[in-house]
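1. Fold the following.
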Amino acid sequence: MAESLFDPENNLNCPICLNLLKNPVTTSCGHSFCMDCIKRCWDVDRGVYSCPICRTKFKKRPALSRSTVLADILEGMKLEDPAGPGDVTCDVCKGRKVKAIHSCLVCMASYCQTHVRPHYESKAFKKHKLVKASPNLQHQICPKHHKVLEIYCYNDQKCICVVCMGNQHSGHKTVSAAAEMAKKQEKLKIKKRDFIRKTNDIDKEIRQSTKNLDFHKRSARAAVKHSDKIFTKIIRSIQNKQAEVRKKIRAQKSKEVRDVESHIQRLEKEIVKLQKEKCKLKPLLHTEDHVYFFQNYASCSTFTQHTASPRKINDIQTFENVEKSVSHLKKQLDKLCEEHMGRISKTVADVQIFKSRFQSNQYCHLLLNETDADEDSETDSESDSESESESEWEY
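-> The predicted structure follows:
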């Protein structure tokens, strides 16, 4: 602590350690030292006891006792705050700069806690006006009359001195500057309370907005997750329908291929039989021997009849109509998606943190009911669309 208070110009410094006196003692010659410093000095020079400052010799080693007055002064100095950047310094303190606590408008000086005491204790300073330590004392003095600006003029709205009040401000409405300042400070206190209330309201709104925003973000993430899940199910459902159509087309193709190929094989076998019977008819058609003809005619008349009956070819031989049905389904799905996406976009746009200025609670309630009704109609339309799609697939 002593080192932090060291100042080379301070008379309360120890001449030996050059720091503020610690446990001060005073010799008979009038010089003061730290008790430990002077003891160490005399311990080194045994038998010779003199003052390190004036060299006064003592016959025997002096008995040292603590200087109460100096100790009290030093303790008071330790309690005083050293002046920092921007602080008003005491005009009386020498060496170490101490923070001033009051300024005198009569003395035009600033004082620390120690040096302001005479203004409280002495009758000579009783009429002096003390104010909070100010770095601009000249601003509180009338530059023309060198008096304290302690009067407030309503007409000119500025502070004046008593001499000004009787001269150029004669007839003006005046009042004590301190009283007017106290009155205006009360108004400022009301404004301050209003500012504090508004600040608290804004802070409350910020917290509520932050809470709503966090809830809004979580809701958005949940809506995205849910929509992804639903669209994944829709895609999977369409893929299942696609696989079902593919399976039906391939099954129908396989069935028709088997039937036609089986019919062709039966017709080919019939052709072979007919060719053989045709060969048997050739000798009978070219013979001139009537005996031979009648002998073999009976066997030719019992030829096997046609076993493969002719079948009518259907006009619908391609899957072109299936392609048209699938294309029609695609158009219907696009139309349905556009209708639902319009409703979904409107519903998304309605999710707002801040209400419209003219939006009432009744309107909000009505909007929620309409949204629920839209969701029900969407569910019904989805079920109808699924039934229509299934019928088209069956087609």
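
2. where does the chain dip in pLDDT?
-> Low-confidence segments of the chain, defined by pLDDT under 70, span residues 1-10, 76-84, 86, 95-96, 301-310, 356-395.

3. just checking, what's the longest helix in it?
-> helix 177-286 (DSSP state H).

4. How about the contacts made by C153?
-> 159-160, 165, 169, 172-174 (Cβ atoms under 8 Å, 6 or more residues apart in numbering). Every C-beta, even on glycine, is put in place using the N, C-alpha and C of the backbone.

5. Of those residues, which is the nearest to D214?
-> Proximity to D214 was ranked across the contacts of C153 by Cβ to Cβ; first place goes to C159, at 53.4 Å.

6. and that closest one, helix, strand or coil?
-> strand (DSSP: H, G, I helix; E, B strand; the rest coil).

7. Could you do S103 as well?
-> For S103, the assignment made with three-state DSSP gives strand.

8. With secondary structure and neighbour count added, can I get the contacts of C153 in JSON lines?
-> Output for the contacts of C153, formatted as JSON lines (DSSP: H, G, I helix; E, B strand; the rest coil; neighbours: other Cβ atoms under 10 Å):
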{"residue": "C159", "secondary structure": "strand", "neighbour count": "18"}
{"residue": "I160", "secondary structure": "strand", "neighbour count": "24"}
{"residue": "M165", "secondary structure": "helix", "neighbour count": "16"}
{"residue": "H169", "secondary structure": "coil", "neighbour count": "18"}
{"residue": "H172", "secondary structure": "coil", "neighbour count": "14"}
{"residue": "K173", "secondary structure": "coil", "neighbour count": "9"}
{"residue": "T174", "secondary structure": "strand", "neighbour count": "19"}
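
9. Determine which two of those residues are furthest apart.
-> C159 and K173 (13.9 Å).

10. K126 - how many residues pack around it?
-> Neighbours of K126 under the rule other Cβ atoms under 10 Å: 9.

11. Let me see the contact set for it.
-> Taking Cβ under 8 Å, 6+ apart as the definition, K126 has no contacts.

12. That one and P118: what is the separation?
-> Distance, K126 to P118, using Cβ to Cβ, to the nearest Å: 11 Å.

13. continuing past the longest helix of the chain, what's the next helix or strand?
-> Sequence-wise, the next helix or strand downstream of helix 177-286 (DSSP states H and E) is helix 290-301.

14. and that following helix with helix 177-286, angle?
-> 160 degrees (axes from the mean of the first three to the mean of the last three Cα atoms, to 10 degrees).

15. Using PDB, write out every CA atom in helix 290-301.
-> The C-alpha trace of helix 290-301 is given here as PDB (Å, rounded to 0.1, in the frame of the first residue of the first chain):
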ATOM      1  CA  HIS A 290     -64.200 -96.600-111.400                       C
ATOM      2  CA  VAL A 291     -63.700 -99.800-109.400                       C
ATOM      3  CA  TYR A 292     -60.700 -98.400-107.700                       C
ATOM      4  CA  PHE A 293     -62.500 -95.200-107.100                       C
ATOM      5  CA  PHE A 294     -65.500 -96.700-105.300                       C
ATOM      6  CA  GLN A 295     -63.300 -99.100-103.300                       C
ATOM      7  CA  ASN A 296     -61.400 -96.100-101.700                       C
ATOM      8  CA  TYR A 297     -64.100 -93.500-101.700                       C
ATOM      9  CA  ALA A 298     -65.700 -94.800 -98.500                       C
ATOM     10  CA  SER A 299     -62.500 -94.300 -96.600                       C
ATOM     11  CA  CYS A 300     -62.200 -90.700 -97.900                       C
ATOM     12  CA  SER A 301     -65.700 -89.800 -97.000                       C
END
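
16. what does that helix rub up against?
-> Contacts for helix 290-301 (Cβ under 8 Å, 6+ apart): 277, 280-281, 283-284, 287.

17. swap the cut-off to 7 Å and go again
-> 280-281, 284, 287 (Cβ atoms under 7 Å, 6 or more residues apart in numbering).

18. Follow the chain on from it and name the next helix or strand.
-> helix 320-349.

19. Buried residues, that following helix. List them.
-> Within helix 320-349, the residues that count as buried by 16 or more other Cβ atoms under 10 Å are 325-326, 329, 336.

20. from the middle of its chain, how far away would that helix be?
-> 40 Å (Cα atoms, centre = their mean, to the nearest Å).

21. helices or strands up against it?
-> helix 361-394 (3 or more Cβ pairs under 7 Å, 6 or more residues apart in numbering; DSSP states H and E).

22. Could you check how far the residue located most distally from the centre of the chain is from C300?
-> Within the chain, the residue lying farthest from the chain centre (Cα atoms, centre = their mean) is V291, at 119.9 Å. As judged by Cβ to Cβ, V291 and C300 stand 15 Å apart.

23. next one: I151
-> 156 Å.

24. More neighbours: which of those two?
-> Higher neighbour count among I151 and C300: I151, with 23 against 14, using other Cβ under 10 Å.

25. quick one, phi psi at the more buried one?
-> phi -120, psi 140 (degrees, to the nearest 10).

26. Wait, it touches K173, no?
-> No. Using Cβ atoms under 7 Å, I151 makes no contact with K173, being 10.8 Å away.

27. Just give me the neighbour total for E261.
-> Neighbours of E261 (other Cβ under 10 Å): 10.

28. Check I249 too.
-> 14.

29. was I right about it contacting F319?
-> Yes. The pair I249 / F319 is scored as a contact, 6.2 Å apart, by Cβ under 7 Å.

30. so what's the residue nearest the centre of the chain up against?
-> In the chain, the centroid-proximal residue (Cα atoms, centre = their mean) is T210; its distance is 7.5 Å. T210 is in contact with no residue at all, counting by Cβ under 7 Å, 6+ apart.

31. Appreciated, that's everything.
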